[in-house]
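J.: 3D model of this:
(one chain, ligands or ions: 1)
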Amino acid sequence: MIETDKRLAALAAVAEVRAGMIVGLGTGSTAAFAIDALGEQVRAGLMISAVATSLATERHARAVGIPLIDLPATIDLTIDGADEIDDACHAIKGAGGAMLREKIVAAASARMLVIADGSKRVARIGAAKIPVEVLPFAEAFVAARLADLGGAPVLRAGFVTDQGNRILDCRFPVDTDMRALAAEIAGIPGALGHGLFLSEVDAAYIASDGVVTRLERGARTR
Ligand SMILES: O=C[C@H](O)[C@H](O)[C@H](O)COP(=O)(O)O
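T.: Numbering: from 1, shown residues only. You can find the predicted model right below:
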């Protein structure tokens, strides 16, 4: 059922893709449904080009025939999954370790859509692990700073990002001010990116028991 919901959410987002667009392709099991659907449309004649947010997505996109380009200055529309999303379209991403490239692609995008099954929808983000990508040289230093912030960082064992870096998974107290936290993490030298997406997501398609709900963010803040 969850797989059906992931697919339905993905199809709803893919319906926003128009000919000629540059599309950002997310990473993960939900984004994979969007890549499959777009690949089908490309093979049927839809002209788009795409930017991949991970090496896995790059391989998948090539396999289904979607033409890929390097990151341009502007992307028209990005479709990506999330680990948690609230009704204001604040999200946590990065369970698959791709959040650094995902954040760059999101920032370059005129519009970003999150797709998810209903298990990802929460009243307030923060229960999911918040991953922080760290330069290996700076691992102990960044871990200590994250611990000072209350994040109880844990190294993701055996995992190396597409950029050759490590991930520290953090859990912060539930009442943490996420916007202040995002700024604090961004200010730690050696912390290269994190999974808090507080301003990037414009809308979300969330499917539960076969019904797709669309969440639309208010005024864009960036
Ligand atoms: O690094 C991984 C990405 O942020 C994914 O988009 C996120 O973890 C959701 O993945 P899934 O759709 O597999 O739950």
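J.: hmm, stretch 48-56 touching the ligand?
T.: No: Stretch 48-56 stays clear of the ligand (CB under 6 Å from any ligand atom), getting no nearer than 7.3 Å. No exception for glycine: its C-beta is placed from N, CA and C like everyone else's.
J.: list the buried residues in that stretch.
T.: Buried residues in stretch 48-56, counted by 16 or more other CB atoms under 10 Å: 48, 49, 50, 51, 52, 53, 54, 56.
J.: now stretch 86-104
T.: Buried, per 16+ other CB under 10 Å, within stretch 86-104: 86, 89-104.
J.: format the CA atom coordinates belonging to that stretch as PDB.
T.: Provided in PDB are the C-alpha atoms of stretch 86-104 (Å, rounded to 0.1, in the frame of the first residue of the first chain):
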ATOM      1  CA  ASP A  86       4.800  19.200   7.900                       C
ATOM      2  CA  ASP A  87       1.800  21.200   6.500                       C
ATOM      3  CA  ALA A  88       3.900  24.300   6.000                       C
ATOM      4  CA  CYS A  89       6.200  22.300   3.700                       C
ATOM      5  CA  HIS A  90       9.100  22.200   6.100                       C
ATOM      6  CA  ALA A  91      11.000  19.000   5.500                       C
ATOM      7  CA  ILE A  92      13.700  16.700   6.800                       C
ATOM      8  CA  LYS A  93      15.700  14.900   4.100                       C
ATOM      9  CA  GLY A  94      18.800  12.800   3.800                       C
ATOM     10  CA  ALA A  95      18.000   9.300   5.200                       C
ATOM     11  CA  GLY A  96      19.700   8.100   1.900                       C
ATOM     12  CA  GLY A  97      22.600  10.500   2.400                       C
ATOM     13  CA  ALA A  98      21.900  12.600  -0.700                       C
ATOM     14  CA  MET A  99      20.800  15.900   1.100                       C
ATOM     15  CA  LEU A 100      23.800  18.000   0.100                       C
ATOM     16  CA  ARG A 101      23.300  17.600  -3.700                       C
ATOM     17  CA  GLU A 102      19.500  17.700  -3.100                       C
ATOM     18  CA  LYS A 103      19.800  21.000  -1.300                       C
ATOM     19  CA  ILE A 104      21.900  22.500  -4.100                       C
END
